[in-house]
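Trainee: here are the coordinates; sequence isn't available:
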């Protein structure tokens, strides 16, 4: 029997210091807590692996938080457990997120030996004032040290993350960041626009349309015109250096597109391991508990969750104890699946294929979305060639509006 393809996401919920804009599930922790969590995570990996023998893993992504806070030994233990518990395909893409200030020569050697072949470095800006504004723990010089360590260790597939629309940022300072990074020659660049999330220090200052606190140390956000120009300059500048946009916020040299993230946008099945990690298995969406105490209770004392009887609540998991850590279990309807096909697929510059839609749902895309597609094309927001449907440049600018059109 041919095995199903699977992506694995492994969550490390620890960092050195919480950034001012971050609403991810992460917090500072000591060595003992990190080591105990690693033990629990390995127990979960073994238990979940038993239940996914009919899958072959094509990509692995270790994210957070800051996975590079792990010791080299703990990172190696996690990857040994993954390889032993899951059927890993030949030539998999295995990514590790790292932050400057947490990388050493010993760690890079351990990562290389563990089989990690892609590194994603969180830089965000080359401007130290902007880094301080964001609450980052590093300077640009410290990033350069990390960059050199990673390259010296032999990693030839490296991504750099950047953030635009930082308070006080100008078009000129953003372009300097883009050009400085592009000249280093990473294989991939992610360029995200800052989002002001509730529950973060930035929300207190800038949420709900607030300008700023009236303090010069908290400058205003770029206005709408500056934000649009920053966004438009990103594609044109990176194109000069040979990077093509393959998704709204992601750019790569040919052949270095992130396979793991493409899987999300193409609705491939993925399994989340670790605290709060999300999954999509057999059209069932769910996520692990975000409660550390509950997670450690199930997996932290010898990993009691093991293979057992099928649970009717969600057929993708096989034991009551494992299911006790899962939350918001939702079996997607066909309508849900079609919506996701549209608004996730349109994030890619390649767009979506009406033929893929027909194969997936046994429906003609025009029978389901014809009226909306015609309207969006008349508005100049999409281009429908018959073989592919893509966002136009204007549609990309207001992509959230376009996506909302496909929600029933």
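Mentor: Thanks, I have the structure now. Everything numeric here is computed off the predicted structure, so don't read it as measured data.

Trainee: what domains does the record give for the protein?
Mentor: 4-265, 334-404 (automatic domain parsing).

Trainee: was I right about residue 156 contacting residue 185?
Mentor: No. Here residue 156 does not reach residue 185: they are 10.5 Å apart, not a contact under C-beta atoms under 8 Å. All C-beta spots, glycine's among them, are computed from the backbone N, C-alpha and C.

Trainee: how many neighbours does residue 351 have?
Mentor: 17 (other C-beta atoms under 10 Å).

Trainee: how about it, what does it touch?
Mentor: 345, 388, 389, 390, 391 (C-beta atoms under 8 Å, 6 or more residues apart in numbering).

Trainee: ok, those residues vs residue 231, which is closest?
Mentor: residue 391 (13.3 Å; C-beta to C-beta).

Trainee: which residues touch the closest one?
Mentor: Residue 391 neighbours (C-beta under 8 Å, 6+ apart): 346, 349, 351, 381, 382, 383, 399, 402.

Trainee: Which of those fall within helices?
Mentor: Those of those mapping onto helices are 399, 402, per DSSP state H.

Trainee: of all the contacts of residue 391, which comes closest to residue 241?
Mentor: Nearest to residue 241, judged by C-beta to C-beta, of the contacts of residue 391 is residue 349 at 17.2 Å.

Trainee: Just to check, that closest one is in contact with residue 390?
Mentor: Yes. With contact defined as C-beta under 8 Å, residue 349 and residue 390 form a contacting pair (6.7 Å).

Trainee: All the strands of the protein, in order from the start?
Mentor: Using DSSP state E, the strands of the chain run over residues 4-12, 55-64, 87-98, 118-124, 158-164, 188-193, 244-247, 250-252, 270-273, 278-281, 284-288, 326-331, 382-384, 389-391.

Trainee: Distance to residue 373 for the ones you listed - can I get that in TSV?
Mentor: Below are the strands of the chain laid out as TSV (distance: least, C-beta to C-beta, whole Å):
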stretch	distance to residue 373
strand 4-12	29
strand 55-64	31
strand 87-98	33
strand 118-124	35
strand 158-164	30
strand 188-193	26
strand 244-247	21
strand 250-252	25
strand 270-273	28
strand 278-281	25
strand 284-288	26
strand 326-331	27
strand 382-384	6
strand 389-391	7
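
Trainee: Looking at these, which is nearest to residue 368?
Mentor: Closest to residue 368 of the strands of the chain is strand 389-391 (C-beta to C-beta; 12.4 Å).

Trainee: need the domains of the chain in TSV with mean pLDDT, can you?
Mentor: Listed next are those as TSV, based on pLDDT from 0 to 100:
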stretch	mean pLDDT
domain 4-265	92
domain 334-404	96
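
Trainee: could those go into JSON lines alongside distance to residue 325?
Mentor: Listed next are those as JSON lines, based on distance: least, C-beta to C-beta, whole Å:
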{"stretch": "domain 4-265", "distance to residue 325": "8"}
{"stretch": "domain 334-404", "distance to residue 325": "23"}
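
Trainee: Give me whichever of the ones you listed is most buried.
Mentor: The highest average neighbour count among those, using mean count of other C-beta atoms under 10 Å, belongs to domain 4-265 at a mean of 18.

Trainee: Quick check: which of the domains of the chain is nearest to residue 278?
Mentor: Closest approach to residue 278 among the domains of the chain (C-beta to C-beta): domain 4-265, 7.5 Å.

Trainee: how close does the most centrally placed residue in the chain get to residue 275?
Mentor: For the chain, residue 261 is the residue whose C-alpha lies nearest the centre (C-alpha atoms, centre = their mean; 6.5 Å). Going from residue 261 to residue 275 by C-beta to C-beta, to the nearest Å gives 21 Å.

Trainee: Residue 16: what's it in contact with?
Mentor: By C-beta under 8 Å, 6+ apart, the contact set of residue 16 is 28, 66, 69, 99, 101, 102, 137.

Trainee: ok, back up a step: in terms of distance to residue 335, which of the contacts of residue 351 ranks first?
Mentor: Closest to residue 335, out of all of the contacts of residue 351 and judged by C-beta to C-beta, is residue 345, at 15.7 Å.

Trainee: rewinding a little: now distance to residue 1 too, for the contacts of residue 351, in TSV please.
Mentor: What follows is the contacts of residue 351, written out as TSV (distance: C-beta to C-beta, whole Å):
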residue	distance to residue 1
345	28
388	33
389	34
390	36
391	38
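
Trainee: which one of these is nearest residue 128?
Mentor: Within these, the smallest distance to residue 128 is 35.2 Å, found for residue 391 (C-beta to C-beta).

Trainee: Kindly state the beta-bridge partners for the closest one.
Mentor: Counting by DSSP bridges, residue 391 is bridged to residue 382.

Trainee: what's the distance between it and residue 243?
Mentor: 18 Å.

Trainee: repeat for residue 77
Mentor: Residue 77 is 35 Å from residue 243, by C-beta to C-beta.

Trainee: what's the answer for residue 142, then?
Mentor: Using C-beta to C-beta, residue 142 is found at 24 Å from residue 243.

Trainee: Touching, residue 358 and residue 364? I think so.
Mentor: Yes. Counting by C-beta under 8 Å, residue 358 touches residue 364, with 6.2 Å between them.

Trainee: mind checking pLDDT for residue 312?
Mentor: Taken from the predicted model, the pLDDT recorded for residue 312 is 35.

Trainee: ugh, typo on my part, it should be residue 318
Mentor: pLDDT, residue 318: 50.

Trainee: between the longest helix along the chain and strand 55-64, what angle do the directions make?
Mentor: Longest helix in the chain, counting residues (DSSP H): helix 31-50. Calculated by axes from the mean of the first three to the mean of the last three C-alpha atoms, to 10 degrees, helix 31-50 forms an angle of 160 degrees with strand 55-64.

Trainee: by contact count, what packs against helix 31-50?
Mentor: strand 4-12, helix 72-85, strand 270-273, helix 292-299 (3 or more C-beta pairs under 8 Å, 6 or more residues apart in numbering; DSSP states H and E).

Trainee: one more time with 6 Å, if that's ok
Mentor: Judged by 3 or more C-beta pairs under 6 Å, 6 or more residues apart in numbering; DSSP states H and E, helix 31-50 is in contact with helix 72-85, helix 292-299.

Trainee: my guess is residue 61 meets residue 260, correct?
Mentor: Yes. Under the criterion of C-beta atoms under 6 Å, residue 61 makes contact with residue 260 at 4.6 Å.
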